[in-house]
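K.L.:
Any chance you could fold what I've pasted below:
(chains A and B)
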Amino acid sequence: MDTMHCYHCGLTIQDKDVLVFEEKEFCCNGCKTVYEIFRQNDLTCYYDFQAAPGATPTDINGKYDFLTDATIVSKLLEFEEASTHIVSLYLPHIHCSSCIWILENLHKLHPGIGSAQVNFPAKKVRISFDPQQISLKALVELLCSIGYEPYISLENYEGEKHKIDRSLIYKIGVAFFSFGNIMLLSFPEYFEVEEFWINQYRGFFRWLIFFLSLPPLLYSASGYYVSAWKSIRAKMLNIEIPIALGIIVMFVRSTVDIVMDYGQGFFDSMCGLIFFMLLGKLFQQKTYNFLSFERDYKSYFPIAVTKISPNGTEEPVQVYAIEKGDRLLIRNQELIPVDGILISEKAAIDYSFVTGEAVPIEKKSGDKIYAGGKQLGKVIEMEVLFSVSQSYLTQLWSNDVFQKKLHSKHKNITDRISHYFTPALLLLALVSFGYWIFLDTDTAFNVFTAILIVACPCALALTAPFTLGNVLRILGRQQLYLKNAQVIEQMAQVDTIVFDKTGTITTNKKTAITYEGSPLDAHELWLLKNTLRGSNHPLSRRLYEYLPAQEKATVTHFEEVTGKGVFATVEGHAVKLGSSQFLQHLSENTHKKTKVHVEIDGVYKGSYVFNNQYREGLEALFERLSASYHLVVLSGDNDGERKILEKMLPAGTSLVFNQKPEAKLAYIEALQQEGKNVMMVGDGLNDAGALAQSNVGLSISENVNVFSPACDGILDASQFSKIGYFLQYARNAMKIIYMSFAISLLYNVVGLTYAVTGNLLPIVAAIIMPLSTITIVSFVTLMSNAYARERFFQTKKTVKNAA
Amino acid sequence: MSVIYFLISISIVVAVFFLVAFIKAVQSGQYDDDYTPSVRMLFDDEIINTTKNKNQLNITEEKQ
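P.N.:
Take a look at the predicted model:
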């Protein structure tokens, strides 16, 4: 059978649910509507750049009402004038060239929109519009209606417009300017032609070079002096010390050389060195700007909520303006921003955001409800108990572990090497100086400075950033996004891996459904499917998708009891679905499993059991990992699945159940105190403490734009089975770094033999330095790509074997 | 021979001019997003193309 895919969003369509419009298949009305909008406005080439680029528009009913509040709007606007407003919106859906095209043609959809410019890497669009023709709210709703829902959060609201730091680019520009000009001006002297005119102009050339070298020395390299000074004060020997020392010594020695007319000096090498090192820094900076890890819980919170004032009117207020005793209106799918008391009769609250549990919890009037829950179903009213900063979620997040963002406990590899390298270098310089001083004072100074110059560890300093930067990029392409390069080093040292259960080793998306009870015939299935059609409960939706497609029937009576079940009359038959309580049917151990019971015409039929489904490749992954790692599965759930897990996972895997978020954190801490390097693989906010505490916190996400900010890396859920490979690759990356350290030390040894014997010519320095840099950079790039490819072939093989 | 002073001064001035131009260009923000423009430049005429294609389609349909 051919699987059909939605023309707009690419979703696989169940056979009978397909909507056909202009010979194109759509999965839902939302997608069809978007297509119609584009069709009417002649924008259908949206679909030409990329197949199925769209997203289903979400229901935003009332969600953006807060955009009518003038103070909120003016905070969000970038530029404000009578006839022009400019706003920058973050649209997480931006992912392909079609997105750029449609957003930049936004003015075709509404005359009030002037222009729109997309910044693809930042997933932002900057729109200028005429507020008299289209309000910000209308603009946002227009974007939502075509499937590009913007992400507006407290972060946008609070954040001052931070300036983009471009100083590194300026520094590189200045360094390159000086480097290029100095190289050209140095050429005559490289060849040491003792011609009359050269001798005549020598002074002019040298002093010109001297002045040209000042901007890189004073401006471009300034970062190195600062960092070296800081590390001296912190009594640590980092790699910046020999670099800064090398640069300064080079400059002083060269100046002495030209003042005393000893030679041309090393200005060319100095500028080249600064230029290459800054280039390495830029590379490091550029490799990683896909996701911003600088978010905190605030970015999940809405900016404003609807407050009901004492006289009964509804008005949007900012989250921070909420006070104790206020009454709030929470709509379907809205996040509860503060702890409070439920006023409405009933509510079903989905705490999956906080606890990871997908089944909504029913609350009655007077119950306490906590921040972070999502209301499902009807509109509810609540009374606020605390201000935002005092609520449960905020407290969870302000736990100490989140505060120490700086991993001071871990020294990076370059610093560890330089811990030995720097003293050794200084010792060598002093010893040679001491030796030569008895023979010849002039040479002694020459040798001393030459050693510091030639050993200036630029290749050493570039090795780690280049290797790790390249590895980051390669991993990013395979949908593992790491926070920074240091995470790779830590990944290489991991010896214990802790997995969360719900949402991590099980998928949230597909849940395997089994049926228990007396078998249902076709007629009964037909009744069931039609009953489910009207229900919006997550379990109903899942069951609805699971059941085979049926013809439509008229539902004469339909009643949904929130949190309990559904009661409906379909073509004269009474159908009752829901919890055992609702059906008044007593069954054993109901709390161990998620079940939907079925009753037709007063006769109990049986129940659908929702089993957590484990991710693909889970068994193979654990099998592979168990050889070299200690594995733990931590779960917040009860131990209903212990037996299945014990069977599936290799012996020696520890299984721990009933762990609250705090307990998970404590468990990781205990492991670390035993001297283990722990990697935590979790999924969300409820693991946040554990993710932050662990040496490497990896968050598994179905949607990489929604993730826990406490983690060190985000792995796309589809790549879950590759965790073993990623760990291996991290180890190989460290191997590459050690190898290239060896190479760069080799260069240093060669250079030092010249230096120690007092024969370092400027031209030798000018050749050795860039050469070592280039060798190192190309070596690490080639090697890290080679290791990545090696694995690619391996998986191909395994795929073949499996087939 | 003093022409060498003159030539080198000119070459330095030209180089400084380019350095300043580069810094101005960076300042204006045109290097902040180095991906989108590369895609954007391929768009311009697309709308005309599709309408053309559709016309052609219509014609072929009519022929049939």
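K.L.:
Just the residues contacting the one helix or strand residue A:208 maps to, thanks.
P.N.:
Element membership of residue A:208 [criterion: DSSP states H and E] is helix A:196-215. Residues outside helix A:196-215 that contact it (Cβ atoms under 8 Å, 6 or more residues apart in numbering or on different chains): A:174, A:177-178, A:181-182, A:185-186, A:188-189, A:251, A:254-255, A:258, A:264-265, A:267-268, A:270-271, B:1, B:4-5, B:8, B:12. To be clear about C-beta, it is placed using only N, CA and C from the backbone, and glycine gets the same treatment.
K.L.:
Which helix or strand in the chain has the lowest average pLDDT?
P.N.:
You didn't pick a chain, so chain A it is. When each helix and strand of chain A is scored by mean pLDDT, DSSP states H and E, helix A:400-403 comes last, with a mean of 48.
K.L.:
Hmm, no, I was thinking of chain B.
P.N.:
Bottom-ranked secondary element of chain B by mean pLDDT, DSSP H and E: helix B:46-63, a mean of 44.
K.L.:
is it true that residue A:569 touches residue A:554?
P.N.:
No. Counting by Cβ atoms under 8 Å, residue A:554 is not a contact partner of residue A:569; they are 9.7 Å apart.
K.L.:
who's more crowded, the two?
P.N.:
Ranked by neighbour count (other Cβ atoms under 10 Å in any protein chain shown), residue A:569 and residue A:554 place residue A:569 first, with 16 against 8.
K.L.:
My guess is residue A:471 contacts residue A:785. True?
P.N.:
No. Taking contacts as Cβ under 8 Å, residue A:471 lies outside contact range of residue A:785: 9.7 Å.
K.L.:
How about the residues of chain B by chain A?
P.N.:
B:1, B:4-5, B:8, B:11-12, B:15-16, B:18-19, B:22-23, B:26-27, B:29, B:31-36, B:39-40, B:42-43, B:46-47, B:49-51 (Cβ under 8 Å from any Cβ of the partner chain).
K.L.:
Strands - which of the residues you listed land there?
P.N.:
Using DSSP state E, no member of those falls within strands.
K.L.:
list the buried ones in the longest helix that chain B contains?
P.N.:
Identified as the longest helix of chain B according to DSSP state H is helix B:3-27. Across helix B:3-27, burial judged by 16 or more other Cβ atoms under 10 Å in any protein chain shown covers B:8, B:12, B:15, B:19, B:22-23, B:26.
K.L.:
Make a markdown table out of those residues and add pLDDT.
P.N.:
Listed next are those as a markdown table, based on pLDDT from 0 to 100:
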| residue | pLDDT |
| --- | --- |
| B:8 | 88 |
| B:12 | 91 |
| B:15 | 93 |
| B:19 | 93 |
| B:22 | 92 |
| B:23 | 91 |
| B:26 | 88 |
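K.L.:
Which one of these is nearest to residue A:52?
P.N.:
residue B:26 (37.9 Å; Cβ to Cβ).
K.L.:
If you drop the residues flanking it in sequence, what lies closest to the closest one?
P.N.:
residue A:169 (5.1 Å; Cβ to Cβ, 6 or more residues apart in numbering or on different chains).
K.L.:
what do you get for residue B:25?
P.N.:
Residue B:25 sits nearest to residue B:31 (Cβ to Cβ, 6+ apart), 7.0 Å away.
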